[in-house]
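A.B. asks: based on what follows, work out the 3D shape:
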Amino acid sequence: MMRVKSRINLRSFTAEDLEKVKAWSDDEELAKFLGLKLPGEEVDYYKRCQKLLGKRNSRVLAIEDRGGRFIGEVELNQIAWRRKEAELHICIGERRYWGQGLGTEAVLAALDLAFEDMGLKSVYLRVYRHNLRAIRCYEKCGFRKEAILRNRFRSECGKGYDVFLMKIKAREHFSQTTA
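C.D. replies: From the prediction side, this is the model:
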């Protein structure tokens, strides 16, 4: 996969970015895809991001468009330095940027960081089966489904939410970027 000039920039996530994240926490559709408001699992996205700042086993990066506008964040967390793996999370919080491929660019940039700069060997993620846009993005970036966690969360009406566990290894990432 030949890389074109990126339309995004990754930079260090700052405390100032948290104010924007607070607004994203109230977006019902975004919350559904991020799993923030599933019954019994309500998560405060703002507090979650705040907690990750400055931790040794996480890297939180702000996603900016070409104009320098903060549009989302990408995380490499649960970093296991001895096993050389991490979990990836991404959120394009600004709706007007959805569906433009910027998430794909941010994931690829995060994988470059993980494998080239941090020396990790694999990156995994969890994604809800109903989040088709994210699954397409991850597959474009080279992630493969490894497992299905069935009925991971149950709603009050008895409906379960399946979660895909997806993974990519450094050698797979490098082979697709040089092809």
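
A.B. asks: looks like residue 167 contacts residue 122 (just checking).
C.D. replies: Yes: in this structure residue 167 lies within contact range of residue 122 using C-beta atoms under 8 Å: 5.9 Å. Where you see a C-beta, it was placed from the backbone N, CA and C, and this is true even at glycine.

A.B. asks: helix or strand next in line after the helix or strand bottoming out on mean pLDDT in the chain, which one?
C.D. replies: Ranked by mean pLDDT, DSSP states H and E, the weakest helix or strand in the chain is helix 45-52, scoring a mean of 59. Counting by DSSP states H and E, the next helix or strand C-terminal to helix 45-52 is strand 59-65.

A.B. asks: show me how far that next one is from its chain's centre.
C.D. replies: 11 Å (C-alpha atoms, centre = their mean, to the nearest Å).

A.B. asks: I'd like the mean pLDDT over that strand, please.
C.D. replies: Here strand 59-65 scores 92 as its mean pLDDT.

A.B. asks: how about the strands in the protein?
C.D. replies: Assigned by DSSP state E, the strands in the chain fall at 8-12, 59-65, 70-80, 85-92, 122-128, 144-154, 160-169.

A.B. asks: check contacts around residue 169.
C.D. replies: Neighbouring residues of residue 169 by C-beta atoms under 8 Å, 6 or more residues apart in numbering: 121, 122.

A.B. asks: ok, what's across the strand from it?
C.D. replies: Beta-bridge partners of residue 169, counted by DSSP bridges, are residue 122.

A.B. asks: again, but for residue 72
C.D. replies: With DSSP bridges as the rule, residue 72 is bridged to residue 63, residue 92.

A.B. asks: ok, the one 4 residues further on next?
C.D. replies: Applying DSSP bridges to residue 76 gives these bridge partners: residue 59, residue 88.
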